[in-house]
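Engineer: Attaching a predicted model along with its sequence, questions to come.
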Amino acid sequence: MAARIEHLVTSGTFSLDGGTWDVDNNVWIVGDDREVIVIDAAHDAGVIAEAVGGRTLRAVVCTHAHNDHIDAAPDLAARTGGPVLLHPDDLPLWKQTHPERAPDAELADGQVLTVAGVDLTVLHTPGHAPGAVCLYAPALGALFSGDTLFAGGPGATGRSYSHFPTIIDSIRERLLSLPGDTVVHTGHGDTTTIGAEAPHLQDWIVRGR
């Protein structure tokens, strides 16, 4: 059975720096009928576990540790036995949401996660958060960008632990070099492609100064 990409949208809140906002999050499930990984366990562990079903959950991958992307991760791990993976640079953010429960293992730049015969390469893309990562699956023509790159521009950098020049460097150096037809599966909102976003890099820089 060929690997495929499944998509859920879950709703909840994002809180940081004393503010709270209602958000809808994309949850991506990659795998086949036997095994999957979940990318960003947001808000509702029950709904995500139901989508996983009887399949083996190889990992709960966190693209970064803002609460709306990790709030359901420990519960999902407890329900399924899948380990929670996070880049260590985002531990300070993780501890704001889950002070009593650490991730199970670290993500590292260049690390390869394999599920259903498909390799997903971890790309460390700081800027939106210090430990933000994207996952690149060339066999699927897919990039899972978390909140690093959206349809229309880079992720927000106006709050703690974020930095606009850094996210621009991450996008320029790590993402825009990928094939233009790579589909970008984002943390919120619509998908896009590398080719659709690449021509606008200079506009983002001017806007963000």
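Structural biologist: Alright, I've got the coordinates. Residues are numbered from 1 along each chain as shown.
Engineer: And residue 167, its phi and psi?
Structural biologist: Phi and psi for residue 167, reported as degrees, to the nearest 10, are phi -70, psi -30.
Engineer: Excluding chain neighbours, give the residue nearest to it in space.
Structural biologist: Counting by C-beta to C-beta, 6 or more residues apart in numbering, residue 127 is the residue found nearest to residue 167 once chain neighbours are left out, at 2.4 Å. The C-beta positions use only the backbone N, C-alpha and C, and glycine is treated the same way.
Engineer: Likewise for residue 89?
Structural biologist: In space, residue 89 is closest to residue 131, 3.5 Å off (C-beta to C-beta, 6+ apart).
Engineer: thinking the one you found is in contact with residue 63, fair?
Structural biologist: No: counting by C-beta atoms under 8 Å, residue 131 sits too far from residue 63 to count as a contact (9.2 Å).
Engineer: out of the two, which sits in the busier spot?
Structural biologist: residue 63 (30 against 24; other C-beta atoms under 10 Å).
Engineer: so the more buried one sits right up against residue 40, yeah?
Structural biologist: Yes: counting by C-beta under 8 Å, residue 63 does reach residue 40; the two are 5.6 Å apart.
Engineer: Now for these two: what residues contact both?
Structural biologist: Shared contacts of residue 63 and residue 40, defined by C-beta atoms under 8 Å, 6 or more residues apart in numbering, are found at 69, 146, 187.
Engineer: about what we covered before: I'd guess the residue nearest to residue 89 is in a strand, am I close?
Structural biologist: No: assigned with DSSP: H, G, I helix; E, B strand; the rest coil, residue 131 falls outside any strand and is coil.
Engineer: which ones are touching it?
Structural biologist: 64-65, 86-91, 93, 107, 124.
Engineer: Which of those residues fall in strands?
Structural biologist: Members of the contacts of residue 131 lying in strands (criterion: DSSP state E): 86, 124.
Engineer: so which of the contacts of residue 131 is the most crowded?
Structural biologist: Most surrounded of these: other C-beta under 10 Å gives residue 64, at 30 neighbours.
Engineer: wait, it sits on residue 90?
Structural biologist: Yes: the pair residue 64 and residue 90 qualifies as a contact (C-beta under 8 Å) at a distance of 5.5 Å.
Engineer: Overlap in contacts, the two.
Structural biologist: 129, 131-132.
Engineer: hey, what's residue 13 bridged with?
Structural biologist: residue 22 (DSSP bridges).
Engineer: From residue 24, how far out is it?
Structural biologist: According to C-beta to C-beta, to the nearest Å, residue 13 and residue 24 sit 11 Å apart.
Engineer: continuing past the strand or helix carrying residue 166, what's the next helix or strand?
Structural biologist: In this structure, residue 166 sits in helix 164-170 according to DSSP states H and E. The helix or strand immediately downstream of helix 164-170 is strand 183-186, counting by DSSP H and E.
Engineer: Quickly run through the sheet partners of that following strand, with directions.
Structural biologist: As defined by DSSP bridges, the strand partners of strand 183-186 come to strand 142-146 (parallel), strand 192-193 (antiparallel).
Engineer: Of the ones you listed, which stretch is the most buried?
Structural biologist: Mean neighbour count (mean count of other C-beta atoms under 10 Å) peaks for strand 142-146 among the strands paired with strand 183-186, with a mean of 27.
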